[in-house]
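A.B. asks: Predicted structure and sequence below. I'll ask about it afterward.
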Amino acid sequence: MPQQSASPRIALSEVSVATLLLCIDILGIFIIFNFSYWAVVGSLPENLLLTWKLILISSFTFLCYYLMDLYTFESSLVRLGMLERSLIGMVLIGFMTAIFVYISGPAFIGGFVGRGVLALSLALLWLWSLGFRYLLNIWLQANRSQIEWLVLINEVNVQYFITHFRATYKQETLLFLVQESTETRDLDDQTRIVGNWDQLNAAVRSNNVAGVIVVSRNNLPGNLVNRLMRIRIDGLRVYDLNDFYEKFLSCLPVFNLEQNWVAMSHGFDLIHNPIGLRFKRYLDILISLLLSITLIPLLLLLTVLILVTMGRPILYTQVRRGENGSSIRVRKFRSMIPEAEADGAQFTQLDDPRVTTFGKLLRKFRLDELPQLWNVLIGEMSFIGPRPERPEFIRDLQEKIPYYNLRHIVKPGITGWAQVMHGYGDSVEDAIEKLQYDLFYIKNYSLLLDFAIIVKSMKVVLFGAGR
């Protein structure tokens, strides 16, 4: 969900946005395929628009882009950005076209498949569609009205929600309704109390709200529930706090979870899906083997550089908690001074003096984690999952953080949703934030989510966003 500008000017409906994007795609197809034919063959096709063939390509494009939520800027695939979704969509278009050509025969579709016309066309179409979507999104952000959310509160932890919400959506206005008082006053520049629960309908009518967020659905009066149901039937979105976090923030609010919700909510399929777990294990073996073989020169180079700059030992081994609380020995390239933990285990901090100069470089690009490919290969870890934590920290964290042990019901990973969304942590507060992302991953596991994590992890490695 993109950040919005504060100046109210226009309001395009979702249907209008989808129609405009579809027209842009169709126009691009007709221009690009004819241009590619001319660029490769040296002349324009006899039938300039190649009518029925481009209609076929347009149909494939619409289907694949629709599946990847590319006709809206409020994608339900919150874990994949527009770049990743458009790339996957274009690969699907190419695959569907290739299958069609294989079944019908090359002569049936003509010059599209020969002489590189199709490959060039799809590459240019991807750039065209992605470029126009970015431009349109920037224009909409600059001209769209500010989004306002109506929030029903009756819990003391509402301040945590406000802080978390503001960290993600700095431009939105929150309108609060409270049960105890009808007083109207400002909480900050963008958060204000507008009335009590009895004034819910009036607040909805008088404010252009995007939806209603119910911070706690426990002990709501029956008449308030009826009004919420009527509001939802009339077309306004209503979310409880857990659903809002999951849909828009891509995490689960640990402070708001209850056992009955965890026990009965949808998801958590990774825990009891033997076929999915087996397939994930096969992918782990394949990825760890390919990376281990491909990165042999880099591993040898890092070994030599560590030996020259820091001396022995080259590898550092720690006991950490694995699946179901089992103990595993995790191997890393050493990045700290030998006596780093002479005073006992402690969190790594920003600009930690225990980290050597070359160790900072290793951590910056996450290269210190590469020896853990062995842990993946032997089945102690997965390539993607919650990061394994040390027992010394776990004892304290599980006493302070509810549901902390849920992260141990799956195999830990070299990288994970918490790592690409929050990064390193050096406090209990960071552990809470990371747990919220870990629980989201466990609840919403899919191959698509794993792909998103891999793409985001590559960005961390390539641009040195580690610590």
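C.D. replies: Yes, it's here.
A.B. asks: CA only for contacts and neighbour counts going forward, please
C.D. replies: Noted.
A.B. asks: Residue 215 contacts residue 151, correct?
C.D. replies: Yes: with contact defined as CA atoms under 8 Å, residue 215 and residue 151 form a contacting pair (6.9 Å).
A.B. asks: which neighbours do these two share?
C.D. replies: When CA atoms under 8 Å, 6 or more residues apart in numbering defines a contact, no residue borders residue 215 and residue 151 alike.
A.B. asks: Would you map out the domains in this structure?
C.D. replies: Per automatic domain parsing, the structural domains of the chain span 14-143, 148-249, 274-463.
A.B. asks: any chance you could map the strands in this protein?
C.D. replies: 148-153, 173-178, 185-188, 191-195, 209-214, 237-240, 315-321, 327-333, 382-384, 413-415 (DSSP state E).
A.B. asks: lowest-confidence stretch among those strands?
C.D. replies: Of all the strands of the chain, mean pLDDT reaches its minimum on strand 185-188 (a mean of 58).
A.B. asks: tally of neighbours for residue 279?
C.D. replies: A count of nearby residues for residue 279, using other CA atoms under 10 Å, gives 12.
A.B. asks: Check what pLDDT it gets.
C.D. replies: 89.
A.B. asks: How about residue 76?
C.D. replies: 55.
A.B. asks: could you measure residue 316 against residue 408, distance?
C.D. replies: 23 Å (CA to CA, to the nearest Å).
A.B. asks: between those two, who's got more neighbours?
C.D. replies: residue 408 (20 against 17).
A.B. asks: list the contacts for the more buried one?
C.D. replies: By CA under 8 Å, 6+ apart, the residues touching residue 408 are 321, 322, 323, 324, 325.
A.B. asks: Where does the prediction get shaky in the stretch 1-150 of the chain?
C.D. replies: Residue ranges of the stretch 1-150 of the chain with pLDDT under 70: 1-14, 47-51, 74-80, 106-115, 142-147.
A.B. asks: That one: helices as residue ranges?
C.D. replies: Along the stretch 1-150 of the chain, the segments classed as helices by DSSP state H, counting those that start in this stretch run 14-41, 51-67, 82-104, 106-109, 117-143.
A.B. asks: again, but for the stretch 151-300 of the chain
C.D. replies: 158-168, 200-206, 222-233, 241-244, 259-264, 274-294, 296-309.
A.B. asks: would a markdown table of those with distance to residue 141 be doable?
C.D. replies: Output for the helices of the stretch 151-300 of the chain, formatted as a markdown table (distance: least, CA to CA, whole Å):
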| stretch | distance to residue 141 |
| --- | --- |
| helix 158-168 | 15 |
| helix 200-206 | 23 |
| helix 222-233 | 26 |
| helix 241-244 | 21 |
| helix 259-264 | 35 |
| helix 274-294 | 39 |
| helix 296-309 | 43 |
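A.B. asks: Relative to residue 383, which of those helices is closest?
C.D. replies: helix 274-294 (5.7 Å; CA to CA).
A.B. asks: Show me what that closest one is packed up against.
C.D. replies: helix 373-377, strand 382-384 (3 or more CA pairs under 8 Å, 6 or more residues apart in numbering; DSSP states H and E).
A.B. asks: 10 Å instead?
C.D. replies: helix 296-309, helix 373-377, strand 382-384, helix 447-463 (3 or more CA pairs under 10 Å, 6 or more residues apart in numbering; DSSP states H and E).
A.B. asks: Go through the ones you listed and name the closest to residue 58.
C.D. replies: Across the helices and strands packed on helix 274-294, closest to residue 58 is helix 447-463 (CA to CA), at 24.3 Å.
A.B. asks: who does that closest one touch, helix- and strand-wise?
C.D. replies: So helix 447-463, by 3+ CA pairs under 10 Å, 6+ apart, packs with helix 82-104, helix 274-294, helix 357-364, strand 382-384, strand 413-415, helix 417-421, helix 428-443.
A.B. asks: tell me the mean pLDDT over it?
C.D. replies: Rounded mean pLDDT across helix 447-463 is 78.
A.B. asks: Could you figure out how far it is turned away from helix 82-104?
C.D. replies: 120 degrees (axes from the mean of the first three to the mean of the last three CA atoms, to 10 degrees).
A.B. asks: Give me the angle between helix 447-463 and helix 428-443.
C.D. replies: 140 degrees.
A.B. asks: Next, the buried residues of helix 447-463.
C.D. replies: The neighbour-count check on helix 447-463 (16 or more other CA atoms under 10 Å) flags 449, 450, 452, 453, 454, 456, 457, 460 as buried.
A.B. asks: now the end-to-end length of stretch 254-268.
C.D. replies: 15 Å.
A.B. asks: Residues in contact with it: which ones?
C.D. replies: Residues outside stretch 254-268 that contact it (CA atoms under 10 Å, 6 or more residues apart in numbering): 155, 157-158, 160-161, 215-216, 241-242, 401-404, 432-433, 435-437, 439-445.
A.B. asks: Buried residues in it, which are they?
C.D. replies: Going by neighbour count (16+ other CA under 10 Å), the buried part of stretch 254-268 is 254, 256, 268.
A.B. asks: which one among those gets closest to residue 88?
C.D. replies: For these, the residue nearest residue 88 by CA to CA is residue 268; the value is 25.0 Å.
A.B. asks: measure that closest one to residue 194 for me?
C.D. replies: 38 Å.
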